[in-house]
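Q: only geometry, no sequence info:
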């Protein structure tokens, strides 16, 4: 567990305007279209940065100072 409040993750999901439904234990909740919903902070960790490898290229997903997401190559 990351030390976040239990409702914090739920609030962040609601803020994007998507409703979610329960998923099996240990998995991310599902949006109405069946796609998993993962909070950005949970995905990016305390540093707010995640490197993603796709077809041999590395991309960086980060949270900006303005609390927005940016994906760069």
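A: Sure thing, it's come through. Since the model is a prediction, treat every value here as computed from it, not as a measurement.
Q: number of residues surrounding residue 68?
A: When neighbours are counted by other Cβ atoms under 10 Å, residue 68 registers 9. Just so you know, the C-beta spots here come from the backbone N, C-alpha and C atoms, and that holds for glycine as well.
Q: residue 55 too?
A: Residue 55 has 4 nearby residues by other Cβ under 10 Å.
Q: what's the spacing between it and residue 73?
A: Note on residue 55: its distance to residue 73, by Cβ to Cβ, to the nearest Å, is 12 Å.
Q: check the gap between the residue lying closest to residue 73 once chain neighbours are set aside and residue 37 for me.
A: In space, and not counting its chain neighbours, residue 73 is closest to residue 59: 5.5 Å by Cβ to Cβ, 6 or more residues apart in numbering. The gap separating residue 59 from residue 37 is 20 Å, by Cβ to Cβ.
Q: residue 73 reaches residue 54, doesn't it?
A: No: the criterion here is Cβ atoms under 8 Å, and residue 73 misses it with residue 54 at 9.7 Å.
Q: bridging residues for residue 71?
A: Going by DSSP bridges, residue 71 is paired in beta bridges with residue 61.
Q: wait, what's in contact with it?
A: Listed by Cβ atoms under 8 Å, 6 or more residues apart in numbering, the contact set of residue 71 reads 52, 59, 60, 61.
Q: quick one: low-confidence ranges for this protein?
A: Along the chain, segments meeting pLDDT under 70 span 1-28.
Q: run through the strands of it in chain order.
A: 20-21, 30-31, 49-54, 57-63, 69-72 (DSSP state E).
Q: can you redo these as JSON lines with distance to residue 42?
A: What follows is those, written out as JSON lines (distance: least, Cβ to Cβ, whole Å):
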{"stretch": "strand 20-21", "distance to residue 42": "14"}
{"stretch": "strand 30-31", "distance to residue 42": "15"}
{"stretch": "strand 49-54", "distance to residue 42": "11"}
{"stretch": "strand 57-63", "distance to residue 42": "12"}
{"stretch": "strand 69-72", "distance to residue 42": "13"}
